[in-house]
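# predicted coordinates and the sequence they were generated for:
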Amino acid sequence: MSMNSMAAPGLGHALDLSGTSPTPFSRLVRTELRKTWDTRAGLWLLICTALLTAAVMVIQLAVVVVQDLVVSYNDFLTSTNFSIGLLLPVIGILLVTSEWSQRTAMVTFSLEPHRGRVILAKLVVGLLLGIAAVVIALGLAAICNLLLNGMSDLGGAWDLSLEQTAYFVLLQEIGMLTGFAFAALLLNSPAAIVLYMVYQFVLPTIFGIGGALIGWFEDLKPWIDFGASQTPMFDGTGMTGEDWAHFAVSGFIWLVIPLVIGVRRVLTAEVK
Amino acid sequence: MTAATIDIASTAPTPFSRLVRLELRKSYDTRAGFWLLGTIVLLVLAAEIIAVSVTAVQDEAMQFGDFVGTAAFLTSFLLPVLGIMLLTTEWTQRTAMVTFALEPRRSLVILAKAIVGVILTLATVVFSIAIGFVANLVYGLAQGGADWTFGWKDFAAFLITQVLAMLGGFALAALFLNTAAAIVVFFVYKWVLPGLFAIGAALMAWFHDLAPWIDFQGAQAAIWDWSSSAEDWAQLVVSAVIWLGLPLAFGIRRVLRAEVK
């Protein structure tokens, strides 16, 4: 990197890049991580996720104490499936789509033309944020359970197990990845968010109606309903061999296929 | 040197009808807007084809109204997204600067957008009924006779609830001026909150009494039932003030005063 780089071509000067090392992957991950919270939209999304999680737990704690209900550590944790489960995928979606809606893709892919590495870095950031969300949820659930033990004689059992925690991590990461896959597929924030919300809240109803009306669809449903295949992970029944098979097949449809098509699309899309 | 003046005395202000025409065109002449409308049409078509084939094969008794109801279910969650994007795209695509420069009376622009939202809702209702008509015709041919029962009461209720859904999205959009936030909040409010209200009502007696007054989705049942109970309608009005009136009032105030960047 010398004055040579300023020279016009054809004057006998060469741009010597041999001493410039390629951007290390760790720097890409650090950059993508910073990009999630250093804009106002990103920062407030993270804050909203944390606040919503805390609010849901506080309401749950208040109701439980006043109504003398018996709940345990796991019940507090499960309620975060609603708050984190709702907003974590949106974080995953905006990780990808904001590059296109805010037109930063041009800069991002100019500075690192190996798009595959950028996508991988974003994926790693998404998974890291998922882990962070899980840690926050575990911490908040512990605080609530501690408070419950102090305020009420009922419930408050510390029924956390390694298996349950592993399921919880898996659930949150899958939510994040599904959002990420839909985003890569559509490369458009509103479209990806609407698709995710429909998949999350509307599709189960449609599957239910279909299953009730048609006999063969009732048999097919477990194999294509990704959301329902995850239910045994948090309702305490645990995953059987068949549950895992349902999970793998429906996950292939809803997660792997969109992700493969989406990544291919990002790799080849014209950046405008 | 005399002061230069621009005489605009003979320039007529932009007529409101032109604003409405303009906003209507803006809803479909971009790729995003076009495909949103296109997606609604394609989804409704796909759903009706599935509904006809399934019910004909399974010998399920269907009425004209049932097919229209299928279309209504689908449009009820995409229409509000349209309502949201009518408003938020001005801010996300930064066209607000041009829009409000050409028509600085912002309230007229907002009103034009709201009217366009209602017009598009009416258009989808007409479309849903037309598709339902065709679906029922095909079903009748397959089954050897169709049931043309279609309650005009249901039609009116359908119309009103769709307009309410559209305005609900519009209100949230004005409140947040951000597409992603408005869409997320809209889906939470339409699909998640009713479930939470039900849990809360089952657990707490006082909330059980309160819930009907704040559950806008649940209160809309009064429209479908043409309830004769004054309490049902009072609950609808109260919950509508909370979920429609307040966001709309705060949102419009925000749009009227926001710095356009």
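Right, received. Where do you want to start? This structure is a prediction, so every number in the text was calculated from the model and none was measured.

# which parts of the stretch 1-150 of chain A sit against chain B?
Residues of the stretch 1-150 of chain A lying near chain B by Cβ under 8 Å from any Cβ of the partner chain: A:A41, A:V63, A:V66, A:Q67, A:L69, A:F82, A:L86, A:L87, A:V90, A:L94, A:S101. For the C-beta atoms, the positions are set from N, CA and C on the backbone; glycine is no exception.

# now those residues: which count as buried?
Among those, the ones that count as buried by 16 or more other Cβ atoms under 10 Å in any protein chain shown are A:V63, A:F82, A:L86, A:L87, A:V90, A:L94, A:S101.

# so who does the residue of the stretch 51-200 of chain A found nearest chain B touch?
As assessed by Cβ to the nearest Cβ, chain B sits closest to A:M197 within the stretch 51-200 of chain A, at 4.0 Å. The contact partners of A:M197, taken as Cβ atoms under 8 Å, 6 or more residues apart in numbering or on different chains, are B:I183, B:V184, B:F187, B:W191.

# again, only using 7 Å
For A:M197, the contacting residues are B:F187, by Cβ atoms under 7 Å, 6 or more residues apart in numbering or on different chains.

# quick check: pLDDT value at it.
For A:M197, the model assigns a pLDDT of 86.

# next one: the one 10 residues further on
A:F207 is assigned a pLDDT of 84 by the prediction.

# after whichever strand or helix holds it, which helix or strand is next?
According to DSSP states H and E, A:F207 maps onto helix A:203-213. Going down the chain from helix A:203-213, the next helix or strand is helix A:215-224, by DSSP H and E.

# what about that following helix, distance to the chain center?
Helix A:215-224 sits 27 Å away from the centroid of its parent chain (Cα atoms, centre = their mean, to the nearest Å).

# now stretch B:77-88
Stretch B:77-88 sits 7 Å away from the centroid of its parent chain (Cα atoms, centre = their mean).

# from A:A192, how far off is A:I119?
From A:I119 over to A:A192 the distance is 15 Å, taken as Cβ to Cβ, to the nearest Å.

# please identify which of the two sits among more neighbours.
More crowded of A:I119 and A:A192, by other Cβ atoms under 10 Å in any protein chain shown: A:A192, with 29 against 20.

# what pLDDT is listed against the more buried one?
Confidence at A:A192, expressed as pLDDT, is 91.

# okay, now the unreliable bits of chain B?
B:1-2 (pLDDT under 70).

# please identify the buried residues of the longest helix anywhere in it?
Across chain B, the longest stretch assigned as helix under DSSP state H is helix B:106-143. Neighbour-count burial for helix B:106-143, with 16+ other Cβ under 10 Å as criterion, is recorded at B:106, B:108-114, B:116-117, B:120-121, B:124-125, B:127-129, B:131-133, B:135-136, B:138-140, B:143.

# so how far is that helix from its chain's centroid?
Per Cα atoms, centre = their mean, the displacement of helix B:106-143 from the mean C-alpha position of its chain is 11 Å.

# re earlier: and the contacts of the helix holding A:F207?
By Cβ under 7 Å, 6+ apart, helix A:203-213 touches A:F217, A:E218, A:K221, A:D225, A:G227, A:A228, B:V54, B:Q58, B:E60.

# out of those, which are buried?
Buried members of the contacts of helix A:203-213, scored by 16+ other Cβ under 10 Å, are A:K221, A:D225, A:G227, A:A228, B:V54.

# name the nearest residue to the first one, sequence neighbours excluded.
Read that as A:K221. Nearest residue to A:K221, sequence neighbours excluded (Cβ to Cβ, 6 or more residues apart in numbering or on different chains): A:G211, at 4.8 Å.

# count of neighbours near that neighbour?
Using other Cβ under 10 Å, A:G211 has 18 neighbouring residues.

# strands of chain B, start to end?
Remark: strands of chain B are absent; assignment by DSSP state E.

# what about the helices in the chain?
Using chain A. Under the criterion DSSP H, chain A contains helices at A:25-37, A:40-67, A:73-101, A:105-111, A:115-151, A:162-186, A:189-197, A:203-213, A:215-224, A:226-229, A:231-234, A:241-251, A:257-268.

# looking at chain B here, not the other one
With DSSP H as the criterion, chain B has helices at B:16-26, B:31-58, B:64-92, B:96-102, B:106-143, B:152-176, B:179-187, B:193-203, B:205-214, B:216-219, B:221-225, B:230-240, B:246-257.

# dump those into CSV; add distance to A:P113 as well.
Formatted as CSV, these follow (distance: least, Cβ to Cβ, whole Å):
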stretch, distance to A:P113
helix B:16-26, 36
helix B:31-58, 27
helix B:64-92, 28
helix B:96-102, 34
helix B:106-143, 41
helix B:152-176, 36
helix B:179-187, 28
helix B:193-203, 45
helix B:205-214, 53
helix B:216-219, 49
helix B:221-225, 56
helix B:230-240, 53
helix B:246-257, 41
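
# what's the closest of the ones you listed to A:D235?
helix B:193-203 (15.1 Å; Cβ to Cβ).

# now for the residue nearest the centre of chain A: which residues touch it?
Centroid-nearest residue in chain A, with Cα atoms, centre = their mean: A:M176, separated by 1.3 Å. With contact set as Cβ under 7 Å, 6+ apart, A:M176 has these partners: A:L88, A:P89, A:G92, A:G126, A:L127, A:G130.

# any chance of the residues you listed in TSV, plus neighbour count?
Shown next, in TSV, are the contacts of A:M176 (neighbours: other Cβ atoms under 10 Å in any protein chain shown):
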residue	neighbour count
A:L88	28
A:P89	30
A:G92	30
A:G126	26
A:L127	17
A:G130	24
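
# farthest-apart pair in those residues, please.
A:P89 and A:L127 (12.9 Å).

# now for B:L248: which residues touch it?
So B:L248 contacts B:A171, B:A174 (Cβ under 7 Å, 6+ apart).

# try 10 Å
B:I110, B:A114, B:L167, B:G168, B:F170, B:A171, B:L172, B:A174, B:L175, B:V241 (Cβ atoms under 10 Å, 6 or more residues apart in numbering or on different chains).

# highest neighbour count among those residues?
That'd be B:F170 among those, by other Cβ under 10 Å, with 29 neighbours.

# gap between it and A:G92?
Taking Cβ to Cβ, one finds B:F170 at 28 Å from A:G92.

# tally of neighbours for the closest residue in space to A:G262 that isn't next to it in sequence?
Counting by Cβ to Cβ, 6+ apart, A:G262 lies nearest to A:A184, which is 2.6 Å off, once chain neighbours are set aside. A:A184: 28 surrounding residues under other Cβ under 10 Å.

# surely A:A184 meets A:A192?
Yes: look at A:A184 against A:A192 with Cβ atoms under 10 Å: they come within range, at 8.6 Å.

# shared neighbours, the two?
Common neighbours of A:A184 and A:A192 (Cβ under 10 Å, 6+ apart) are A:G92, A:I93, A:V96, A:T97, A:P258, A:G262.

# which one of these is nearest A:F234?
A:F234 has its nearest neighbour among these in A:G92, at 19.4 Å by Cβ to Cβ.

# please name the nearest non-neighbouring residue to the closest one.
A:G179 (3.5 Å).

# from memory that neighbour sits against A:L88, does it?
Yes: judged on Cβ under 10 Å, A:G179 makes contact with A:L88 at a distance of 7.3 Å.

# shared neighbours, those two?
Residues touching both A:G179 and A:L88 (Cβ under 10 Å, 6+ apart) are A:G126.

# roughly how far does the residue of the stretch 51-200 of chain A closest to chain B sit from B:F77?
Separation of A:M197 from B:F77 (Cβ to Cβ): 8 Å.

# quickly list what's touching both of the two.
B:F186, B:F187, B:K190, B:W191.

# distance to B:P15 and neighbour count for the residues you listed - can I get that in CSV?
Output for these, formatted as CSV (distance: Cβ to Cβ, whole Å; neighbours: other Cβ atoms under 10 Å in any protein chain shown):
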residue, distance to B:P15, neighbour count
B:F186, 32, 25
B:F187, 37, 23
B:K190, 36, 21
B:W191, 40, 18
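
# what would these look like in CSV with distance to chain A?
Putting the shared contacts of A:M197 and B:F77 into CSV (distance: Cβ to the nearest Cβ, whole Å) gives the following:
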residue, distance to chain A
B:F186, 9
B:F187, 4
B:K190, 8
B:W191, 4
